[in-house]
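Trainee: My questions are about this predicted structure, shown below with the sequence.
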Amino acid sequence: MNAATTRFGIWMLSVPLAIAVIGLGLQGLAAADSSLFFTWGYFLEVLIAGLLQGVLYSLVALGFVLIFKASGIFNFAQGSMVLFAALTMVGFIEMGLHWTLAFVVAAAVMVVVAVVVEKVVLRPLVNQPHIILFMATIGIFYFLDGFGQTLWGSDVKVLDIGIPKDPLFILDGIFEGGILVNAFDLVAALVGAALVAALAVFFQYTRIGRALRAVADDHQAALSVGIPLKTIWAIVWSVAGIVALVAGIMWGSKAGVQFSLALIALKALPVLILGGFTSIPGAIVGGLIIGAGEQVAEVFLGPLVGGAIQDWFAYMLALVFLLFRPQGLFGERIIERI
Amino acid sequence: MYGEKHIGEAILRVDNITLAFGGVKALTDISFEIRKHEILAIIGPNGAGKTSMLNVINGFYHPQKGRIEFRGVERRAMRPHLAARQGIARTFQNVALFKGMSTLDNIMTGRVLKMKCNIFQQAIYWGANQREEIEHREVVEKIIDFLEIEAIRKTPVGRLPYGLQKRVELARALAMEPDLLLLDEPMAGMNVEEKEDMCRFVLDVNDEFGTTIALIEHDMGVVMDISDRVVVLDYGRKLADGSPDEVRANQDVIDAYLGVSH
Amino acid sequence: MLYREAGQFKTSYGADQSIFPIRQDRIALLLFGLVAVFAVPAFASNYFLETIFVPFLVFALAAIGLNILTGYCGQLSLGTGGFMACGAFFSYKLAIAFPELHVVIVFLLAGLGTAGVGVLFGLPSLRIKGFYLAVATLAAQFFLVWMFNKFGWWTNYSPSGVISAPPRDVLPGFAVTGSSGDPAIKYLFLLVFVTLLALVAKNLVRSRIGRSWMAIRDMDIAAEIIGIRPLWAKLSAFAVSSFYIGIAGALWAFVYTGSVEALAFQIDRSFQVLFMVIIGGLGSILGSFLGAAFIVLLPILLNSAPAALGLPIKVETVSHLEFMIFGGLIIFFLIVEPHGLARLWQIAKEKLRLWPFPY
């Protein structure tokens, strides 16, 4: 058994263990404080709901990871890309297109956005320190936000492409009444999984994917073997844009397409901290942890302090993580050479 | 040479220093000493571990084994700002200047350990803080005169050519009034005239201020001319240690430089 | 012709190091000061004073605070709103608890309290950098606003959740807070207060501590080898920055809006101040003022431009356009002049030196 397999095994064991420990802790708390309510069935229900919510976070975080991996830029505008993509698709649906066609058109629009961003923003700023680039993406964030709403209006839009939203009850043999799971969340999880798989195949087995990995590793070296940096960046931002579109569809179907979608970007930050900025599996795992953590904390600890913990829980969790493991669970250690 | 120089006892001693990054051994069992008032050159082929050695003395890298003894105080590893406090100053291969500030400000930052006013005095500025600023400005101006960089004192250092940047970096190190000055390839990338100027400055610093100097250098002419002793590293090991003539005649050193198959 | 330095030789280091070494600058400053102190209150309408000059001064102070942390020390912070909230609520509690305490003392103490909070949330900066640190400051932002909103103790259990700032005089007879204050008095008070604090900031920035901050920003490794302790430098930046931002928050609540509410200090406030600092110029006290003026004036211009030009644009479209223009301007400034309006100002002065000659 080599090191990687043992590590994987340890992870696989420790996760259920951690869940059990947390559950026991919460159960103890609820026994002590009467304002808290706890049953194992309810706990699992909230946990699963949180995990599925986490998948949605992961979808958004994926876009970040892609761009960060390829260009070292933290794209604050990812959130507004999600919003813009969703708005565009809804706009086209409202114009009468079938949703599959609207999807293709919206994807094409995101590619155009990517190309424009690369040409207008990235190229002039290519040698600036990362903080400048980050602030430029804040500028893009505001611009896309305003632009999207100027084009398509700022009412909350309904996005319905036929994803089932019925509640399902599972495991009613083990837990009384069964555990409530939303069909929509399951579909979202499947979509997320499919997307990650597709991206993994893309990166591993296609020529462009290989080039992207090369660029992510070392710009200079990639340039020296003739990989065109600017084209790569345009491609990466396009892929991130399409990922944003998928994320936008999932979020939009669930909660309606509206301005607050753009602020999801802020939530993705803790996800990335946990998972590491450069890791796709990290984005998934980070999203799951944040999603589950948020929900569990809100439901089981929230009543202690009056609720709305989820406003800040994710950030505090990320902060604690940063203090002990700054590179995240899967990220690379940052070694500074002098 | 500049006449009689009194080289004293060891000011710095490193014993059995071993430094590894993961599986890569940068330094293996290195021991040598630097004596007060001397100019010591550390030479060796690329990748020999010279910069790593300076980084260990400075406190950037913490060796897995071995000890450092500076001015009688022994420790395994230093912290960089403690090293500064104890009188060790340093320049870098890839000029580590504060690109957002002017030459004058850069050198003034070198005075930071000598300035004593607290935050309230600084907030008011007039009175004690202004006097202190002027006092240290005078010291810095002396260094600027010494290194002949008056014309560029208000220029942002990012705009200066490489050779001048290296001089500004030296000025900043001098502003710390160090007992031990570590120079990492101070003459890299310079033409003959610039090199001669830099050599003159190094010798003047050693002569006028009595600063002990350890420098990494590739130019053998410079090394033979100005150094009192030479330490030769190769593949992380010490090959030789002695006067320039002794080292020049050492067979191991000749092999390392000419490349004999091991 | 006018703006020539010829003949102005400095004979002492002290003179060389003064804030305004060029005589023409000093004259201009004097004129500007006279206009600001006498002409503006006399001729500007109450509306102008209340909606332009007062918020401009309050924002300028916040921008100076953020500039110290992000512009001079290079630590990106998205928590400005949260720290402003600290200043506002600390002042409120202090003012209620000690009715005899002079309002300026209240503000300064609130600033000190905020400095403490700032240091607390700045502790992570010792291990994390860049936009990782931005996440820590986001934690501060969301947590603080939640805390002030959630716990009734902060608002003295007011049923509506919105509390008005208690009326206070800066000098006997001259009320300066909330609706009871005369706009002209408010303006003059802020002018003096903010100018003094800006002067202190300028002093800090050109002294040892300011150089330490800039060293950390430019290359923290090199700063360490000179003997600067990164811990000290970063935490002091957080402390001083939060002090200023806290006072700005207190001024916002007491002098500008007259009410103390957490909702005024949400994440968009943090972005607003960050934009002021970017557009005005990172690492420049003057830039903080210019950026604040810009951000305060822009929406007013955008709102009145369509009417002035006769174009029928809906109000909400204007706000969308505002977003687009903000975003576009940020990108524009970062590409063209990352050092912002302050640098453009400097370039203008350099050209003025040669005027009317082209070179």
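Mentor: It's in.
Trainee: Give the rounded mean pLDDT of the lengthiest helix in chain C.
Mentor: Taking DSSP state H as the criterion, chain C has its longest helix at helix C:285-309. In this model, helix C:285-309 carries a mean pLDDT of 84.
Trainee: Residues contacting that helix, please?
Mentor: C:51-52, C:55-56, C:59-60, C:62-64, C:66-67, C:71, C:198, C:201-202, C:205, C:272, C:275-281, C:311-313, C:318, C:321-322, C:325-326, C:339-343, C:345 (C-beta atoms under 8 Å, 6 or more residues apart in numbering or on different chains). The C-beta positions use only the backbone N, C-alpha and C, and glycine is treated the same way.
Trainee: Quick check: what element follows the helix or strand where A:Gly63 lies along the chain?
Mentor: Per DSSP states H and E: A:Gly63 is located in helix A:40-71. Note on helix A:40-71: by DSSP H and E, the next helix or strand toward the C-terminus is helix A:78-94.
Trainee: Output the below-cut-off pLDDT ranges for chain A.
Mentor: A:1-5, A:7-8, A:35, A:171-178, A:219, A:257-262, A:326-328, A:330-338 (pLDDT under 70).
Trainee: make it 50
Mentor: A:1, A:336-338 (pLDDT under 50).
Trainee: now the strands: where do they sit in it?
Mentor: Ranges of strands in chain A, per DSSP state E, are A:167-170, A:179-182.
Trainee: would you turn those strands into CSV with distance to chain B and mean neighbour count?
Mentor: Shown next, in CSV, are the strands of chain A (distance: least, C-beta to the nearest C-beta, whole Å; neighbours: other C-beta atoms under 10 Å in any protein chain shown):
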stretch, distance to chain B, mean neighbour count
strand A:167-170, 47, 12
strand A:179-182, 45, 18
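Trainee: Using neighbour counts, pick out the buried residues of the helix holding A:Gly63.
Mentor: Neighbour counts over helix A:40-71 (16 or more other C-beta atoms under 10 Å in any protein chain shown) mark A:41-71 as buried.
Trainee: wait, doesn't B:Gly110 sit right on B:Ala173?
Mentor: Yes - with contact defined as C-beta atoms under 8 Å, B:Gly110 reaches B:Ala173; the gap is 6.8 Å.
Trainee: Can you tell me which of the buried residues of helix A:40-71 are also in contact with chain B?
Mentor: Counting by C-beta under 8 Å from any C-beta of the partner chain, nothing from those sits close to chain B.
Trainee: Not counting sequence-adjacent ones, nearest residue to A:Ile179?
Mentor: Closest residue in space to A:Ile179, ignoring its immediate chain neighbours: A:Glu45 at 4.7 Å, by C-beta to C-beta, 6 or more residues apart in numbering or on different chains.
Trainee: shouldn't that neighbour be in contact with A:Ile170?
Mentor: No - using C-beta under 8 Å, A:Glu45 makes no contact with A:Ile170, being 9.7 Å away.
Trainee: Could you name every residue contacting both of those two?
Mentor: With C-beta under 8 Å, 6+ apart, A:Glu45 and A:Ile170 have common neighbours A:Ile179, A:Val181.
Trainee: Not counting sequence-adjacent ones, nearest residue to A:Ala85?
Mentor: Nearest in space to A:Ala85, with sequence neighbours left out and distances taken as C-beta to C-beta, 6+ apart, is A:Leu245 at 3.8 Å.
Trainee: List the contacts of the one you found.
Mentor: Per C-beta under 8 Å, 6+ apart, neighbours of A:Leu245: A:Val82, A:Ala85, A:Ala86, A:Met89, A:Phe103, A:Ala106, A:Ala107, A:Met110.
Trainee: And A:Phe300, by the same measure?
Mentor: A:Leu26, A:Leu29, A:Ala30, A:Leu36, A:Phe38, A:Phe43, A:Val46.
Trainee: Please repeat the previous calculation with a cut-off of 6 Å.
Mentor: A:Leu26 (C-beta atoms under 6 Å, 6 or more residues apart in numbering or on different chains).
Trainee: which residues are contacting the longest helix seen in chain B?
Mentor: The helix that spans the most residues within chain B, counting by DSSP H, is helix B:128-147. Helix B:128-147 has contacts (C-beta under 6 Å, 6+ apart) with B:107-108, B:111, B:115, B:117, B:121-122, B:150, B:153, B:167, B:171, B:174-175, B:201, C:13-14, C:207.
Trainee: Okay, and which of those residues map to strands?
Mentor: Using DSSP E, none of those sit in strands.
Trainee: ok, back up a step: among the contacts of helix C:285-309, name the ones in helices.
Mentor: Using DSSP H, the contacts of helix C:285-309 in helices are C:55-56, C:59-60, C:62-64, C:66, C:198, C:201-202, C:205, C:272, C:275-280, C:318, C:321-322, C:325-326, C:340-343, C:345.
Trainee: Just the buried residues out of the residues you listed, in ChimeraX syntax.
Mentor: Command for ChimeraX that selects the buried part of the ones in helices among the contacts of helix C:285-309, burial taken from 16+ other C-beta under 10 Å:
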select /C:55,56,59,60,62,63,64,66,198,201,202,205,272,275,276,277,278,279,280,321,322,325,326,340,341,342,343,345
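Trainee: Quick check: which of the ones in helices among the contacts of helix C:285-309 are also close to chain A?
Mentor: C:Ile278, C:Phe326 (C-beta under 6 Å from any C-beta of the partner chain).
Trainee: ok, C:Arg343 - contacts?
Mentor: Contacts of C:Arg343 by C-beta under 6 Å, 6+ apart are C:Gly281, C:Glu337.
Trainee: what's the pLDDT at it?
Mentor: So, for C:Arg343, pLDDT stands at 86.
Trainee: now swap in C:Ala239 and tell me
Mentor: For C:Ala239, the model assigns a pLDDT of 96.
Trainee: swap in B:Tyr2?
Mentor: Reported pLDDT for B:Tyr2: 49.
Trainee: and what of the one 3 residues further on?
Mentor: The predicted local distance difference test score for B:Lys5 is 72.
Trainee: How about the secondary structure of B:Leu181?
Mentor: For B:Leu181, the assignment made with DSSP: H, G, I helix; E, B strand; the rest coil gives strand.
Trainee: on that earlier part again, if you count contacts, what does the helix holding A:Gly63 end up packed against?
Mentor: Packing partners of helix A:40-71 (3 or more C-beta pairs under 6 Å, 6 or more residues apart in numbering or on different chains; DSSP states H and E): strand A:179-182, helix A:183-205, helix A:207-217, helix A:229-255, helix A:264-275, helix A:280-296.
Trainee: Check which residues of the last one are buried.
Mentor: What it means is helix A:280-296. Buried, per 16+ other C-beta under 10 Å, within helix A:280-296: A:280, A:282-296.
Trainee: Can you tell me which of the residues you listed is nearest A:Val121?
Mentor: A:Ala283 (23.4 Å; C-beta to C-beta).
Trainee: wait, doesn't the closest one sit right on A:Leu59?
Mentor: No - A:Ala283 lies out of contact with A:Leu59 (C-beta atoms under 6 Å); the separation is 8.7 Å.
Trainee: Does the residue nearest to A:Ile179 touch A:Val181 like I think?
Mentor: No - using C-beta under 6 Å, A:Glu45 makes no contact with A:Val181, being 7.5 Å away.
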